[in-house]
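Enquirer: sequence and predicted structure are below.
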Amino acid sequence: MSDDCLFCSIVDGDIPGRIVAERDGALAFLDANPLAPGHTLVVPRTHAERLDDLSADDSRAVFDLVHDLVPDVEAAVDADGLNVGVNDGEAAGQEVPHVHVHLVPRFEGDGGAP
Ligand code: 5GP
Ligand code: ZN
């Protein structure tokens, strides 16, 4: 837990999150301001600001969960594909300084990448 970290607060249950999946090292929940229906975030349970700060175990937990969720998220909203990505660092658009992988459902003809 890092003081004042939004996603640590969701991991710890101190603020509500719409949980999609739980694993020992990682948690998935719905994005509060979704770019598309079903927009999901996957985070390590242990606070890490950047990808380079993740332990090997936490990296495995996060990306294994991403891998497993891709078909589930796509099917849940009947999407045609997904954008999967990380904004790693403020310069890359990272607003919440706790590693998170975006799974953004995409639909044929929806107008291009967000
Ligand atoms: P970033 O720009 O850091 O890659 O993405 C941060 C994401 O966190 C955004 O997509 C934003 O909508 C989402 N977000 C911000 N505040 C909250 C919150 O309180 N709860 C949830 N579930 N998502 C949030
Ligand atoms: Zn955190």
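Expert: Okay, I see it. Since we're looking at a predicted model, the values are computed, not measured. Numbering: from 1, shown residues only. Ligands and ions are numbered 1, 2, ... in the order given.

Enquirer: residues of this structure that sit close to ligand 1?
Expert: For the chain, the residues found near ligand 1 under the criterion Cβ under 6 Å from any ligand atom are Leu6, Gly17, Phe29, Asp31, Ala32, Asn33, Asn87, Gly93, Gln94, Glu95, Val96. Any C-beta I mention is one placed from the backbone N, CA and C, and that applies to glycine too.

Enquirer: lowest-confidence entry in these?
Expert: Ranked by pLDDT, the residues of the chain next to ligand 1 bottom out at Gly17, which scores 93.

Enquirer: which ones are touching Val96?
Expert: Taking Cβ atoms under 8 Å, 6 or more residues apart in numbering, we find Val96 in contact with Cys5, Leu6, Phe7.

Enquirer: please repeat the previous calculation with a cut-off of 10 Å.
Expert: Cys5, Leu6, Phe7, Ile10, Leu41, Val43, Glu49, Asn87 (Cβ atoms under 10 Å, 6 or more residues apart in numbering).

Enquirer: can I get those residues in TSV including neighbour count?
Expert: Shown next, in TSV, are the contacts of Val96 (neighbours: other Cβ atoms under 10 Å):
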residue	neighbour count
Cys5	16
Leu6	17
Phe7	22
Ile10	21
Leu41	23
Val43	26
Glu49	17
Asn87	15
